[in-house]
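**Student:** Fold the stuff below for me.
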Amino acid sequence: MLNKLSLADSVREDVPQPIKVAKPIGDVVKISGEGALLKNHYKAFDFDGNTYELGDTVLLAPDSQGRMVKPYVAMIKDITEMENKGIMLNAQWFYRPEDATPIRSGKNMESIGSRELYYSFHKDEVPAETIMHKCIVHFVTTQKHIPSRKEFPGFIVQKVYDPNTKRLLKLTNNGFLHDMEQEIDLLVQKTMLHLSILPDTEKPVDKGKRLK
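**Tutor:** From the prediction side, this is the model:
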């Protein structure tokens, strides 16, 4: 009996598994490029029976090559398809504190534990098939208490990391370009709508900060 089971198991392992491929959902919302570089842009796509949309935060499988590496975290900023080249995502990266090397500043940037991520404006194109699943990311300013993990599971972002300059800034800093500042403010507002009202930390707001 043992030999028969072993043989059956080995046969099943040899059966080729179907390759999962991402497929666009809905109509093309924009076309960019020309000729061989022409791209169709979409608002959503399906992968492995799950729907993903612009603005979703997701975990992406790392190219670990056998090493134990945590999944990457990104926000989907664009969904494109080129002829015979599959679905590609414009992914805007979050950094884990251990993966960032910020320049030391005179101020103490306190860690908030294993839930912490840094937002960034660093983007790359990645295949849609690298997605593992969606995840939750809360954008919370330092003027608000961190929501409990039990009630509101997910990552927490309070700072923005620039991998080029190695700068680490709070969400409320004024050291961002106007478009970046607007994007951050919208993400904070979206979190506040989802979490309802978070109590203030009752700490004074530093001069030169945006109050949220």
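**Student:** Please identify the buried residues of the top helix by length along the chain?
**Tutor:** Ranked by residue count and defined by DSSP state H, the top helix of the chain is helix 178-195. Neighbour-count burial for helix 178-195, counted by 16 or more other Cβ atoms under 10 Å, picks out 181, 183-185, 187-188, 191-192. Bear in mind the C-beta positions are built from the backbone N, C-alpha and C, glycine included.
**Student:** could those be laid out in JSON lines, adding distance to K39 and pLDDT?
**Tutor:** Listed next are the buried residues of helix 178-195 as JSON lines, based on distance: Cβ to Cβ, whole Å; pLDDT from 0 to 100:
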{"residue": "E181", "distance to K39": "29", "pLDDT": "95"}
{"residue": "E183", "distance to K39": "23", "pLDDT": "97"}
{"residue": "I184", "distance to K39": "27", "pLDDT": "97"}
{"residue": "D185", "distance to K39": "29", "pLDDT": "96"}
{"residue": "L187", "distance to K39": "26", "pLDDT": "96"}
{"residue": "V188", "distance to K39": "31", "pLDDT": "95"}
{"residue": "T191", "distance to K39": "31", "pLDDT": "94"}
{"residue": "M192", "distance to K39": "35", "pLDDT": "90"}
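**Student:** Sort out which one of these lies nearest K166 for me.
**Tutor:** I184 (18.9 Å; Cβ to Cβ).
**Student:** just the strands in this structure please.
**Tutor:** Taking DSSP state E as the criterion, the chain carries its strands at 23-25, 30-32, 39-42, 44-47, 50-53, 57-60, 72-81, 87-95, 116-127, 131-134, 137-139, 155-162, 167-170.
**Student:** Of those strands, which shows the lowest average pLDDT?
**Tutor:** Lowest mean pLDDT of these: strand 167-170, a mean of 92.
**Student:** So in that sheet, which strands flank that one, and in what orientation?
**Tutor:** Paired neighbours of strand 167-170 in the sheet (DSSP bridges): strand 155-162 (antiparallel).
**Student:** and the strand it pairs with, how far out from the chain's middle?
**Tutor:** 11 Å (Cα atoms, centre = their mean, to the nearest Å).
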